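J.: Okay, here's the prediction I keep looking at, along with the sequence it came from:
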Amino acid sequence: MGKIIEVDARGLACPLPVVKTKKALEGIEEGEVITIVDNEVARDNVVKLAQSLGCQTEVKQENGFYRVHIRKEGVTATQLSVNPGQLIFINSSHLGRGSDELGSILMRSFLFSLTEMEVKPQRIIFMNSGVHLCCEGSPVLDSLLALEEKGVEILVCGTCLDYFQLKEKLCVGKVTNMYSSVEHLLAAEKVITI
């Protein structure tokens, strides 16, 4: 039958239920991971992860919680790989349009999720209000420092830092200029704008 691992992800915000489930699945060759979540979004995200890895899933509802049973039978965990020639361009301190509060939550979640990927982008360029993310008081500094430590080049627009009077508060990455940024954007195999 193999090993059985239980992951209690109740009360955890996205993407932690998926991250914890993925790590549990990576820890076994065959067996079952049972992830307990307390909302439908987390349930659906865990199911999608398991299916993307070729695992069988079954969901049981008990006492207001969902138990997602994931069976791994000799499946090698795979994931979408990010091309090392890929560049992420972040031009705002928030992700998406609409609510700045939600956008801030989404940006934290995005950058944390990026730290959990096995293959990382080659570099991330920050411009306009995105430079705030690299400075003192940023809620994503831990994620950016982790990315930098894992070899991701963090480039921060010097003109933008000057405009927002943040040059002295830069905590992660190195200052770049527009010419260099354009060179990197044109040389990248793929650019993702956030």
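T.: Good, I have the coordinates.
J.: for the helix or strand of the chain with the lowest mean pLDDT, which positions count as buried?
T.: Within the chain, judged by mean pLDDT, DSSP states H and E, the helix or strand with the poorest mean is helix 40-52; its value is a mean of 87. For helix 40-52, a neighbour-count test (16 or more other CB atoms under 10 Å) marks 42, 43, 45, 46, 47, 49, 50 as buried. Every C-beta, even on glycine, is put in place using the N, C-alpha and C of the backbone.
J.: what does stretch 159-171 give?
T.: 160, 161, 166, 170.
J.: Ok, stretch 54-74 next?
T.: Under the neighbour-count criterion of 16+ other CB under 10 Å, stretch 54-74 has 55, 57, 66, 67, 68, 69, 70, 71, 72 buried.
J.: so residue 36 sits right up against residue 11, yeah?
T.: No - the pair residue 36 / residue 11 is not scored as a contact, 10.3 Å apart, by CB atoms under 8 Å.
J.: More neighbours: the two, which one.
T.: More crowded of residue 36 and residue 11, by other CB atoms under 10 Å: residue 36, with 18 against 11.
J.: gap between the more buried one and residue 151?
T.: Residue 36 sits 35 Å away from residue 151, going by CB to CB, to the nearest Å.
J.: Is there a neighbour count for residue 38? I'd like the number.
T.: 15.
J.: need the contact list for it.
T.: 10, 11, 64, 65, 66 (CB atoms under 8 Å, 6 or more residues apart in numbering).
J.: measure it to residue 32 for me?
T.: As judged by CB to CB, residue 38 and residue 32 stand 20 Å apart.
J.: Assign residue 138 to helix, strand or coil.
T.: coil (DSSP: H, G, I helix; E, B strand; the rest coil).
J.: Three-state assignment for the closest residue to it other than its chain neighbours, please.
T.: Closest residue to residue 138 apart from its sequence neighbours, by CB to CB, 6 or more residues apart in numbering: residue 132 at 6.3 Å. Here residue 132 is helix, with the state taken from three-state DSSP.
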